[in-house]
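Colleague: I would like to see how this sequence folds:
(chains A and B)
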Amino acid sequence: MKFSDEFEARFTEMLTHYPIRRSALVPTLLYAQDEVGSLSDEVIAELAGRLDLTELEVRNVISYYSMLTTKPRGKYNVQVCTNIACMLRGGEELFNYCRKRLGIGHKGTTQDGLFSLEEVECIGACSWAPAVQVNYDFHENLTNGKMEQLLDEYKKKGTQ
Amino acid sequence: MADLVSHPDEVRVISKRFGQGATDIDRYLQLDGYQAVQKALALQPDAIINEIKNSGLRGRGGAGFSTGMKWSFVPKQSAKPKYVLCNGDESEPGTCKDRLIFEHDPHSVIEGVMIAALAVGSHTGYIYIRGEYRYLSVIMQKAIKDAYARGFLGKNIFGSGYDLDIYWHGGAGAYEVGEESALMESLEGKRGIPRIRPPFPAVVGLWGGPTVINNAETLAAVPHIILGGADWYAKLGTPKNGGTRLFCLAGNLNKPGVYELPMGYNLKKMIYEVGGGISNGRSLKAVVPGGSSTPILLPEEIDIPMDFDSVAKAGSMLGSGGVVVLDDTACIVKFALRTMKFYRHESCGWCIPCREGTDWLEKTLTRFHAGAGTKKDIDNIYYLAENMLGKTFCPLGDAAAMPTMAFVKKFRKEFEDHLDGKPCPFEKMGAAEPVLA
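Modeller: This is a model prediction of the structure:
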């Protein structure tokens, strides 16, 4: 299967970093997921083949890491932290706001495929709480009002 | 990306290049970058280790173990390659300091790994960064590339004849991988299941080779110690607790942020002066002093120096530097529940006391907080936590047990206030229902 040139260049280089091929697995899975949208059967078979692993071994690793998924997510994965530091500053209210606004629950995806929602564990933004990651982008010191604006911006960006 | 703050009491060592554009290698060189490693190249490995030992530097990941001592455990001769690992899998709730180091001063981490490698005779290092920190991985990959381009890494570094390779590695979402042996499993391309010890990583670590593993902040401190000297660094802190550290002030504060303060800085002062006091005119209810796994402290317990030994004496831990402040509107039962929900989610399931204990505790706390608790539950929560303590391969079980025991011990009355079908007395914290799968 076809990945981007950037992916291939990184993958080839990464293999030179370790004494065993398998070591490249975890970061490679994440990069593959970013390109394909999810770790589909095809991706799993491809990477298992490349790293001399069985598909079961790859699936076994996927199920451990919370960022990895075999199911497609929306174009923008809205990850709201509700862990202690965020909770004390309104993280749960923010998550509930997103639920209502997007009409989906934890790990749900909107029908147009634009948004997914996830309640996540600490993302390392405790001093700037409450915080959200949309895909890899951090958004901090949020309020429901700022969140509304943010979702509107992503919607605009995603439907252009 | 994250906002920087400042306070007159700060002593800037690790954070001295924050906001100075030091991700650029030329700028880093202007700001004394890569001087320490050149100094270290002229030293004998034992001299480097002694310098770090004498500096009083202790592990900033949370355990507080002497860094120099840790390095000295690596055997001089080894049939297998030796490795240095930088633990940048920062995920302890309340902690957001390594993020700033990677964002503003990635070369200091690289330089720290280099010096550690020279000290233990290793030729390969890895800098492991959690998957969520993608933008920091980009910064680090570029920093490493730039260091190679200048001949600081690779064959014959700085013309010394010493070969040293450093690589970046990324995670994909797992708190437990922050545990040293689990991180090695992850780097070997597996689930992050911790290993039984002994043998310890210093003897049998990554791919079976002797391995030094240190937190990113610990390694970022190393070049400063080599340049400034062990005595200078040690004197910044308190006896046996050398230097400064990054404290992440979070929760109900007027001025939350990451501040670099001397080891031993008074916690009360940290909250009321550095952190600007409790927000919204509320009063202080309690403080989690070092990340979610550290036992909570009451307002009357916070007039203490923030160093490893003093916080331990106060019945808690300095931990990872995450100071989470709760005001009087916070419900402790809810707080305990959210803490446990996290540990249940992150438990790998390898050890039964942790797998079953966190699950049972989360369920009990959920029911309890919803108003369906019984008096017996309170003792049962304590008993369950107590029976996880010290009974698991890795410290995740302890990390879940310790704070829970403190919640019950120090806030029994608040647990009792949730009994007999009464709704949570703290409306704000009772509003949301648990959803995390």
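Colleague: Please spell out which residues along stretch B:223-233 are buried.
Modeller: Neighbour-count burial for stretch B:223-233, counted by 16 or more other C-beta atoms under 10 Å in any protein chain shown, picks out B:223-228, B:230, B:233. (Glycine included, C-beta is placed from N, CA and C.)
Colleague: Residues contacting it, please?
Modeller: Contacts of stretch B:223-233 with the rest of the structure, by C-beta atoms under 8 Å, 6 or more residues apart in numbering or on different chains, involve B:13-14, B:32, B:35-37, B:39-40, B:48, B:50-57, B:108, B:111-112, B:115, B:221, B:242-243.
Colleague: From the residues you listed, list just the buried residues.
Modeller: When the contacts of stretch B:223-233 are checked for burial by 16+ other C-beta under 10 Å, the buried set is B:13-14, B:36-37, B:40, B:48, B:50-57, B:108, B:111-112, B:115, B:221, B:242-243.
Colleague: then stretch B:310-322 to PDB, C-alphas only?
Modeller: Taking Å, rounded to 0.1, in the frame of the first residue of the first chain, the C-alpha atoms of stretch B:310-322 are listed here in PDB:
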ATOM      1  CA  SER B 310      10.600  17.500  53.700                       C
ATOM      2  CA  VAL B 311       7.500  16.600  51.700                       C
ATOM      3  CA  ALA B 312       8.100  12.900  52.600                       C
ATOM      4  CA  LYS B 313       8.300  13.900  56.200                       C
ATOM      5  CA  ALA B 314       4.900  15.700  55.800                       C
ATOM      6  CA  GLY B 315       3.500  12.400  54.600                       C
ATOM      7  CA  SER B 316       3.400  13.000  50.900                       C
ATOM      8  CA  MET B 317       5.900  13.200  48.000                       C
ATOM      9  CA  LEU B 318       7.600  15.900  46.000                       C
ATOM     10  CA  GLY B 319       6.800  13.800  42.900                       C
ATOM     11  CA  SER B 320       7.000  15.300  39.500                       C
ATOM     12  CA  GLY B 321       6.500  19.000  40.400                       C
ATOM     13  CA  GLY B 322       2.800  19.200  39.700                       C
END
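Colleague: neighbouring contacts of that stretch?
Modeller: The contact list for stretch B:310-322 (C-beta under 8 Å, 6+ apart) reads A:85, A:126, B:60-62, B:64, B:90, B:92-97, B:215, B:217, B:238, B:245-248, B:250, B:264, B:288-297, B:301, B:304, B:306-308, B:402, B:406.
Colleague: In helices only, show me those.
Modeller: A:85, B:217, B:308, B:402, B:406 (DSSP state H).
Colleague: Out of those, who's the most crowded?
Modeller: A:Ala85 (35 neighbours; other C-beta atoms under 10 Å in any protein chain shown).
Colleague: Tell me the spatial nearest neighbour of B:Glu92, not counting adjacent residues.
Modeller: Among residues not flanking B:Glu92 along the chain, B:Gly291 sits closest, at 3.8 Å (C-beta to C-beta, 6 or more residues apart in numbering or on different chains).
Colleague: Report how many residues lie close to the one you found.
Modeller: 28.
Colleague: hang on, the earlier thing: output the buried residues of stretch B:223-233 as TSV; include the columns distance to B:Gln77 and secondary structure.
Modeller: Shown next, in TSV, are the buried residues of stretch B:223-233 (distance: C-beta to C-beta, whole Å; DSSP: H, G, I helix; E, B strand; the rest coil):
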residue	distance to B:Gln77	secondary structure
B:Pro223	27	helix
B:His224	30	helix
B:Ile225	26	helix
B:Ile226	25	helix
B:Leu227	30	helix
B:Gly228	32	helix
B:Ala230	27	helix
B:Tyr233	30	helix
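Colleague: and these, which two are the farthest apart?
Modeller: B:Pro223 and B:Ala230 (13.1 Å; C-beta to C-beta).
Colleague: mind listing what's buried in the longest helix belonging to chain A?
Modeller: In chain A, taking DSSP H as the definition, the longest helix is helix A:144-159. By neighbour count on 16+ other C-beta under 10 Å, the buried set for helix A:144-159 is A:147, A:150-151, A:154-155.
Colleague: helices or strands next to the longest strand along chain B in the packing?
Modeller: Longest strand of chain B, by residue count under DSSP state E: strand B:244-251. Packing partners of strand B:244-251 (3 or more C-beta pairs under 8 Å, 6 or more residues apart in numbering or on different chains; DSSP states H and E): helix A:84-87, strand B:257-262, strand B:322-327.
Colleague: which of the residues in the helix or strand that the last one is followed by are buried?
Modeller: Spelled out, it's strand B:322-327. Where DSSP states H and E defines the elements, the next helix or strand beyond strand B:322-327 is helix B:332-346. Within helix B:332-346, the residues scored as buried using 16+ other C-beta under 10 Å are B:332-346.
Colleague: among the residues you listed, which are within reach of chain A?
Modeller: Taking C-beta under 8 Å from any C-beta of the partner chain as the test, chain A is in contact with B:334-335, B:338-339, B:342, B:345-346 out of those.
Colleague: Kind regards, and thank you for your time.
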